[in-house]
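Visitor: Everything below, folded, please.
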Amino acid sequence: MPTSILRLTMARWLGAFTGFYRPNPDKISSLDIVSRFLYAARSVILVISAQAALISGLLAATSRHFRWDGFILVLVGYLTAHMISNLSNDYFGYRRGDDTPDSPRMRYTLHPLTSGIIDPAALGIGLAILAMIGIAISAFFIIEYGWLAAGFLIAGVTLLFAYDAAPIPLKNIGLGEVAVFLVWGPLMVGGGYAMIAGHLSLTVFFASVPYGLGVMSILVGKHIDQIDFDRSRKIHTLPVLLGIRAACRLEIAAIVGMYAVMTVLVASGVLSPFCLIVLVAAPRAVRAVARFTHPRPASPPEGYIGWPLWYHRACLLHNRFFGWLYILGLAAGAVWPNIRF
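Guide: All right, here's what the predicted structure looks like:
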């Protein structure tokens, strides 16, 4: 493959991970099959799973229990599971009739089943490959750690399945947001640490709370954005049950809570003082909080990407920045683990 074509292909793949949900319409027809699959799997949101893996790995490095093989398998396993979850959510949402042409889901991103960008055979092959990777990684950890690994696997798969695929999905009874906090907080950070270090750690579970709150804020923001549609379809997300004003107050509390919990963890010696570098993200947090104090505009600002996601996008951008800063602070703490307040 010529170097120029290889660079273009790699740039397209990277764009699926680092941009927003939907490529420019005029570029869709030129995408290769891998790029189409990555966009269909909403790969831009996979950053939250990659960050959870990095956080767990750096916490293991700080405690001097880091293993490269365990970390790489945790990272690949999390990305694989997240892609399967995204595609599964779209499949069941489509089967239940929620992903209709007028739904927010069909407007801000490419649906793997209805957009036409990927045929069912290619989607099936991609899912089969992902499933084989996930099964192989799960088998490795179960052989290595027995019931410790099996317990985390069962809990994670159960919550991801129950979120949107169960006969009565957690998403429809106001528990989906709580499930997301548990999955991307204690289960992924705490479980990832256990699979890398070989043991559980209560302090790691505490350290997972700020990041879990951030990921939960992303989902709550999304559900506030589509509250009218969800209410009309009798999808009882937490914002539908609480009402938009209470849901916005919950979002503000979650964002503020990320910094409050982080400060307590540092002050109590659970985390390194270097982790206070997350305060660099505070201006972005302030902008996100300010957004929740005003109604969403009737139409998107000129050049806005991702409409009708308004609150969701602010939370995604904030949490992505917060997560990278948290990782940077943990990395410094792993290099100088004895520095504490």
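Visitor: could you list every residue that touches His82?
Guide: His82 is in contact with 45-46, 48-49, counting by CB atoms under 8 Å, 6 or more residues apart in numbering. (Each C-beta comes from the backbone N, C-alpha and C, glycine too.)
Visitor: Out of these, grab the one that's most surrounded.
Guide: The most crowded member of those, judged by other CB atoms under 10 Å, is Ser49 (24 neighbours).
Visitor: thinking again about what came up before, turn the contacts of His82 into CSV, including secondary structure.
Guide: Formatted as CSV, these follow (DSSP: H, G, I helix; E, B strand; the rest coil):
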residue, secondary structure
Ile45, helix
Leu46, helix
Ile48, helix
Ser49, helix
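Visitor: any idea which of those residues is the one closest to Arg107?
Guide: For the contacts of His82, the minimum distance to Arg107 (CB to CB) is 16.3 Å, reached by Ile45.
Visitor: isn't the closest one right next to Leu316, touching?
Guide: Yes. Using CB atoms under 8 Å, Ile45 makes contact with Leu316 at a distance of 7.4 Å.
Visitor: So for those two, which residues contact both of them?
Guide: Here Ile45 and Leu316 share the contacting residues Ile218, scored by CB under 8 Å, 6+ apart.
Visitor: and Phe37, how many residues sit next to it?
Guide: Neighbour number of Phe37 under other CB under 10 Å is 24.
Visitor: For it, give its distance to Gly126.
Guide: Distance from Phe37 to Gly126, counting by CB to CB, to the nearest Å: 5 Å.
Visitor: Mutual contacts of the two, please.
Guide: By the contact definition CB under 8 Å, 6+ apart, Phe37 and Gly126 are jointly contacted by Ile118.
Visitor: Show me which helix runs longest in the chain.
Guide: Ranked by residue count, the top helix of the chain under DSSP state H comes out as helix 68-95.
Visitor: Outside of stretch 180-195 itself, which residues are in contact with it?
Guide: 48-49, 52-53, 55-57, 59-60, 70, 73-74, 78, 141, 144-145, 148-149, 152, 155-156, 159-160, 163, 200-201, 204-205, 207-209, 211-213, 215-216, 219.
Visitor: so can I have a markdown table of the contacts of His82 showing distance to Phe92 and pLDDT?
Guide: Below are the contacts of His82 laid out as a markdown table (distance: CB to CB, whole Å; pLDDT from 0 to 100):
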| residue | distance to Phe92 | pLDDT |
| --- | --- | --- |
| Ile45 | 17 | 82 |
| Leu46 | 19 | 86 |
| Ile48 | 21 | 92 |
| Ser49 | 20 | 94 |
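Visitor: which two of the residues you listed lie the greatest distance from each other?
Guide: Counting by CB to CB, the most remote pair of these is Ile45 and Ser49, 8.3 Å apart.
Visitor: all helices of the stretch 1-150 of the chain, in order?
Guide: Assigned by DSSP state H, counting those that start in this stretch, the stretch 1-150 of the chain shows helices spanning 3-18, 25-28, 33-40, 47-62, 68-95, 104-108, 120-145, 147-164.
Visitor: Let me know the angle separating the longest helix of the chain from helix 147-164.
Guide: 20 degrees (axes from the mean of the first three to the mean of the last three CA atoms, to 10 degrees).
Visitor: how about helix 68-95: buried residues?
Guide: For helix 68-95, a neighbour-count test (16 or more other CB atoms under 10 Å) marks 70-71, 73-75, 77-94 as buried.
Visitor: Out of the helices of the stretch 1-150 of the chain, which gets nearest to Ala331?
Guide: Taking CB to CB, helix 47-62 is the member of these nearest to Ala331, at 5.7 Å.
Visitor: Arg287: how many residues sit nearby?
Guide: What Arg287 shows, counting by other CB under 10 Å, is a neighbour count of 12.
Visitor: Contacts only, for Phe152.
Guide: Listed by CB under 8 Å, 6+ apart, the contact set of Phe152 reads 187, 191, 194-195.
Visitor: Distance check, it against His199.
Guide: Counting by CB to CB - Phe152 and His199 are separated by 13 Å.
Visitor: What of Val335?
Guide: Taking CB to CB as the measure, Val335 falls 22 Å from His199.
Visitor: Excluding covalently adjacent residues, which one is nearest to the residue nearest in space to the middle of the chain?
Guide: Central residue of the chain (CA atoms, centre = their mean): Ile48, 3.7 Å from the mean position. With sequence-adjacent residues excluded and distances taken as CB to CB, 6 or more residues apart in numbering, Ile48 is closest to Val215, at 5.2 Å.
Visitor: right, and the helix or strand after the helix or strand hosting that neighbour?
Guide: In this structure, Val215 sits in helix 209-225 according to DSSP states H and E. Downstream of helix 209-225, the first helix or strand assigned by DSSP H and E is helix 227-232.
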